[in-house]
Structures are given as structure tokens and as C-alpha cells.
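> when you get a sec, could you give me coordinates for this:
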Amino acid sequence: MLESGERELLREERLALEEHLKTCPDCAAFRGFWEDLRSRLREATGPTLSAELSDNVRLRCRAELELKLPSHRKPALSKGPAGVPWPIWAALLVLTSLTLYFLIPGVEEFRQSQKLTLGTVLVLLIIFQNALMLFAAPLLMRRGRLSPFRFRQS
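Here you go, the predicted model:
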């Protein structure tokens with residue numbers, strides 16, 4: 001009988017069930033109860049919360065979470081996105097300065113001679129290194145490899 005609610009019974013199964021229900025009042029009563037319950041569940045709508053109650057529950061849950069988390073692991077729930085830590089800005093400044101220091105003479109030399117010299121190759125390598133470092137810094141921070149510096153709290 002329960003399988004008839006989950007899948008369509010084969011013809012022989014359906015006939016056997018109907019025959020049994022004619023002779024067994026307990027199973028017939030259970031089937032009536034089961035069908036009534038399923039129809040009521042289909043008709044029932046879920047409870048709706050008011051916007052005020054929903055906001056209140058959300059704020060209370062947030063407050064409970066902040067109380068339970070240790071102070072060094074509290075998420076910044078009310079703050080905006082985290083800023084870029086100062087060591088990353090310092091690295092960006094140093095790498096940009098080095099790039100400009102070598103790029104300007106290298107470009108001038110390449111413009112005049114139209115040859116790819118060792119200096120020009122070094123400038124391109126420095127630019128590649130800078131791009132790689134600036135790309136890798138956020139990935140390293142996310143993986144926690146630089147955690148002794150506590151970048152996320154700066």
C-alpha cells in the first residue's frame with residue numbers, strides 16, 4: 001500500500017491490493033487515513049514569517065554567533081570587504097618602482113637599436129616576476145601560508 005504512493009503499481013499488484021482491501025477493514029481504514037493525510041499535506045501551505053520577525057531572528061543569530069566565536073576568529077559580519085593589507089601595498093610599491101627603474105632605459109634602448117638585448121630581456125623578466133607575485137599574493141593569503149604576519153587583521 002505504501003509503495004502505491006511512491007510508484008505506479010503493476011496491474012497484478014494493484015488488483016491484489018484492491019482485493020485485500022475489500023477483505024481487511026484495518027488496511028482499508030489505514031488507506032483512507034493515508035490518502036487523507038497526503039491530500040492535506042498537498043493542500044497545506046508553509047508558515048510565513050513577517051519581514052520584521054525574519055530580520056529579528058537573523059540579527060539574534062548573528063549576535064549569538066559573534067558571542068560564541070573566539071575573538072581572533074570573529075568574522076567581519078557588519079564590515080564591508082576586507083582591505084588590502086599594508087605589506088601587499090609595500091610589495092606593490094617596491095615592485096612597481098623596480099619595474100619603472102629598469103623599464104624606462106630598456107624601452108629607450110630597444111627603441112633606438114631595435115635589438116633584443118640582455119637589458120631588455122631582464123626588464124621583461126622583472127615585469128613577468130612582478131605580475132606573478134601580485135597574482136600569487138592573494139592566493140598565498142587565502143591558503144594561510146602567510147598567517148604569522150596576520151594579514152587579515154591588519
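
> and M1, how close does it get to L98?
For M1, the distance to L98 equals 79 Å [C-beta to C-beta, to the nearest Å]. In short, each C-beta sits where N, CA and C put it, glycine included.

> quick check: domain ranges of this structure?
Following automatic domain parsing, one finds the domains of the chain at 2-43, 86-141.

> nearest to D55, of the ones you listed?
With C-beta to C-beta as the measure, domain 2-43 is the member of these nearest D55 (29.5 Å).

> quick one: low-confidence parts of the chain?
70-84, 137-154 (pLDDT under 70).

> so what's L49 up against?
The contact partners of L49, by C-beta atoms under 8 Å, 6 or more residues apart in numbering, come to V57.

> and it, helix, strand or coil?
For L49, the secondary structure call by DSSP: H, G, I helix; E, B strand; the rest coil comes out as coil.

> look up phi and psi at it.
Dihedral pair for L49: phi -100, psi 140, per degrees, to the nearest 10.

> hmm, back to that, which of the domains of the chain sits closest to L53?
Nearest to L53, of the domains of the chain and by C-beta to C-beta, is domain 2-43 at 24.5 Å.

> picking up where we left off before, need the domains of the chain in TSV (columns: distance to N56).
Below are those laid out as TSV (distance: least, C-beta to C-beta, whole Å):
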stretch	distance to N56
domain 2-43	29
domain 86-141	36
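
> let me know which of the ones you listed is tucked in deepest.
domain 86-141 (a mean of 13; mean count of other C-beta atoms under 10 Å).

> check contacts around N130.
Counting by C-beta under 8 Å, 6+ apart, N130 has contacts 95-96, 98-99.

> switch to 10 Å and redo it
91-92, 94-96, 98-99 (C-beta atoms under 10 Å, 6 or more residues apart in numbering).

> please, which helix or strand holds it?
Assigned by DSSP states H and E, N130 belongs to helix 118-143.
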